[in-house]
Structures are given as structure tokens and as C-alpha cells.
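Visitor: The amino acid sequence is not available; the structure is as follows:
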């Protein structure tokens with residue numbers, strides 16, 4: 001089992017920046033790929049970004065490409081999501097997820113999920 005705990009979400013003004021963190025514990029493995037998803041109010045959960053075990057491969061949703069950066073520190077069992085130039089449409093609950101294997105952009109591809117952290121971007 002892997003436990004994931006997200007942190008860093010808060011209220012921020014449009015144009016601002018935030019860094020989300022996801023701390024992994026339990027049966028952790030640096031071979032896990034990690035992903036960030038988000039769920040806007042009243043909408044389905046959607047893919048944001050993913051990173052492979054080494055950090056050498058990443059994928060981003062078109063809506064965040066160039067603004068968000070996913071990274072990981074395997075020594076700390078932590079994954080980060082740096083979010084810049086935030087927009088009101090980035091408002092959502094952000095979830096961290098882990099999977100044993102390569103990159104995946106769908107929720108069904110992940111085995112473990114965190115509880116989420118709220119990001120609210122005001123206009």
C-alpha cells in the first residue's frame with residue numbers, strides 16, 4: 001500500500017503561483033510513476049501532469065502546458081506541481097496519484113490516490 005498526502009493548496013489571485021506537494025509513504029518505490037489530476041466544481045476529474053520514476057519523462061495537459069511543472073525528489077518521496085500564471089479556470093481540488101509502471105493520463109491507470117488539496121484562483 002502507498003499513502004499519498006497532498007498539501008499547498010490555498011486561495012490565490014489570478015496571475016499568481018503555487019507549489020503543491022505530494023508526500024508518499026508506506027510501500028513507496030522510486031519506480032512508481034506519479035500524476036496530478038484535478039476536479040473543478042461540478043466537473044469530472046481531469047489529467048494535469050505526470051512524471052516517470054526517474055523524472056526524465058513528463059506529460060502535461062494542453063491547458064497547463066507552459067504554466068505548470070511537475071517534478072519529483074525520490075530521496076524525499078515527494079512529488080511537486082509548480083503552478084504559475086494561475087487562472088480562475090484552474091480552480092479545483094488537486095489530487096496526487098501513483099502507479100507502478102509508465103506514464104498514464106487517465107484516472108483508471110492509477111492505483112493510489114491522495115485525499116486532494118483545494119486550489120482557488122480568484123479573478
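Guide: Everything's here; your move. Small disclaimer: the values here were computed from a predicted structure and weren't measured.
Visitor: What helix or strand is the most centrally placed residue in the chain located in?
Guide: The centre of the chain sits closest to residue 36, judged by Cα atoms, centre = their mean, with a distance of 2.4 Å. Element membership of residue 36, judged by DSSP states H and E, is strand 32-39.
Visitor: now for that strand, which elements pack on it?
Guide: Contacts defined by 3 or more Cβ pairs under 8 Å, 6 or more residues apart in numbering; DSSP states H and E place strand 32-39 against strand 18-26, strand 46-51, strand 68-73, strand 78-83, strand 92-100. Yep, even glycine has a C-beta here, placed from its N, CA and C like the rest.
Visitor: For these, give me TSV that also has mean neighbour count, mean pLDDT and distance to residue 60.
Guide: Shown next, in TSV, are the helices and strands packed on strand 32-39 (neighbours: other Cβ atoms under 10 Å; pLDDT from 0 to 100; distance: least, Cβ to Cβ, whole Å):
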stretch	mean neighbour count	mean pLDDT	distance to residue 60
strand 18-26	18	95	14
strand 46-51	22	98	5
strand 68-73	18	97	6
strand 78-83	22	97	10
strand 92-100	21	97	14
